[in-house]
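J.: Can you look at this prediction? I've put the sequence above it.
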Amino acid sequence: MNAHPAPIADTLERVRACIEGADEAPTLTALARFAQLSPGHLQRAFRRRYGMSPAEYHRARRFGQLKAALRDGAAVTDAVYEAGFGSGSRVYEHSDRLLGMTPASYRAGGAGASIRYTTTATPLGRLLVAATARGICAVTLGASDAELETRLAAEFPQAARERVDAGREEWLDAVIARIASELGWSEAAAPALPPLDVAATAFQWRVWNALTRIPAGETRSYGELAAAIGAPKAARAVGNACGSNRLALIVPCHRVVREDGTPGGWRWGVQRKRDLLARERRHAKR
């Protein structure tokens, strides 16, 4: 266990501020030298605290600027360059993962879509991960495979659904490995997050992106999260956006609590939410 969590937290915050102020993404080596940590240690500690690697944090910040410019009515080309991408190709390279898919992929209960899924055991119960040809479309927790498969069928009644064994689907396996690494269930390095195929409004994506910035083991109230996205009067809407999240653990809506600090509800069970937060707090102290 780390005996000096505060200095490490301060160091990580300085690294985050360095990334925020950089026009170009600093290399991991440069950041490690700045932080006086090994690159591997910095990568793991930064991901535990902020939910993503330093490089992913820089990209997410750029995409946040891009989306803000687009919402303000800027032309796409102008918004791309103002956000510091330099070329449109760099935007499209990551847009599926950071901007999300269009609602069209969810038409008529998934009619015409082919969904592959798998399940696995976790300390929180059974985990189901599902993907279309475009990206991950569901990550859910439950007591049994039958419960999870019934829920998937109810959400995508018109889609063709095929179960695949673990180890035979790269995207599904990557999500499971990433979750296991970030929550301390595995010592293996977390792989990159695959593309996402989840229909959502612009507001929902703002909330979900903000959720990924809550450090593991910490919580925010609905009001605090609303303030963080620049909509301090939208706590109820933030709650609705959290409730519509289909990506358990990937979008960490379990880190949002009521104003009085009590857990509140969670789509996958309040007791699981308590257990998950307790696990994250223990892992964050290591």
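T.: Good, I have the coordinates.
J.: Would you mind identifying the next helix or strand past the helix or strand of the chain with the lowest mean pLDDT?
T.: Here the helix or strand of the chain ranked lowest by mean pLDDT, DSSP states H and E is helix 88-99, holding a mean of 42. Where DSSP states H and E defines the elements, the next helix or strand beyond helix 88-99 is strand 114-122.
J.: Now that next one: buried residues?
T.: 115, 116, 117, 118, 119, 122 (16 or more other C-beta atoms under 10 Å). The C-beta positions use only the backbone N, C-alpha and C, and glycine is treated the same way.
J.: Redo those as JSON lines? Include distance to residue 129.
T.: Shown next, in JSON lines, are those (distance: C-beta to C-beta, whole Å):
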{"residue": "115", "distance to residue 129": "11"}
{"residue": "116", "distance to residue 129": "9"}
{"residue": "117", "distance to residue 129": "7"}
{"residue": "118", "distance to residue 129": "6"}
{"residue": "119", "distance to residue 129": "8"}
{"residue": "122", "distance to residue 129": "11"}
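J.: residue boundaries of the helices in the stretch 1-150 of the chain?
T.: 5-20, 28-35, 39-50, 54-71, 76-82, 88-99, 145-155 (DSSP state H, counting those that start in this stretch).
J.: Which of the ones you listed comes out lowest on mean pLDDT?
T.: Of all these, mean pLDDT reaches its minimum on helix 88-99 (a mean of 42).
J.: now stretch 114-122, how far from the centre of its chain.
T.: The chain centre lies 18 Å from the centre of stretch 114-122; the measure is C-alpha atoms, centre = their mean, to the nearest Å.
J.: do the same with stretch 191-209
T.: In terms of C-alpha atoms, centre = their mean, the centre of stretch 191-209 is found 7 Å from the chain centre.
J.: for that stretch, how far is the first residue from the last?
T.: 19 Å (C-alpha to C-alpha, to the nearest Å).
J.: residue contacts, residue 220?
T.: By C-beta atoms under 8 Å, 6 or more residues apart in numbering, the contact list for residue 220 reads 214, 228, 255, 256, 257.
J.: now with 7 Å?
T.: Residues in contact with residue 220 (C-beta atoms under 7 Å, 6 or more residues apart in numbering) are 214, 255, 256.
J.: just checking, which of those residues belong to strands?
T.: Members of the contacts of residue 220 lying in strands (criterion: DSSP state E): residue 256.
J.: For the closest residue to residue 151 other than its chain neighbours, list each beta-bridge partner.
T.: Of all residues not flanking residue 151 in the chain, residue 140 sits nearest, at 6.1 Å (C-beta to C-beta, 6 or more residues apart in numbering). Residue 140 forms beta bridges with residue 128, as assigned by DSSP bridges.
J.: now residue 140: how far from residue 125?
T.: Using C-beta to C-beta, to the nearest Å, we find residue 140 at a distance of 10 Å from residue 125.
J.: next one: residue 277
T.: From residue 277 to residue 125 the distance is 15 Å (C-beta to C-beta).
J.: of these two, who's got more company?
T.: Legend: neighbour count by other C-beta atoms under 10 Å for residue 277 and residue 125, higher for residue 277 (19 against 16).
J.: in the helix or strand hosting that one, what counts as buried?
T.: Per DSSP H and E, residue 277 falls inside helix 270-284. Neighbour counts over helix 270-284 (16+ other C-beta under 10 Å) mark 272, 273, 276, 277, 279, 280, 284 as buried.
J.: What of stretch 251-262?
T.: 251, 252, 253, 254, 255, 256, 257.
J.: try stretch 132-143
T.: 132, 134, 135, 136, 137, 138, 139, 140, 141, 142.
J.: Among those residues, which one sits closest to residue 263?
T.: For these, the closest approach to residue 263 (C-beta to C-beta) belongs to residue 141, at 15.1 Å.
J.: The nearest residue to residue 215 once chain neighbours are set aside - how many residues pack around it?
T.: Nearest non-adjacent residue to residue 215, counting by C-beta to C-beta, 6+ apart: residue 49, 4.4 Å away. A count of nearby residues for residue 49, using other C-beta under 10 Å, gives 21.
J.: Nothing else from me, thank you.
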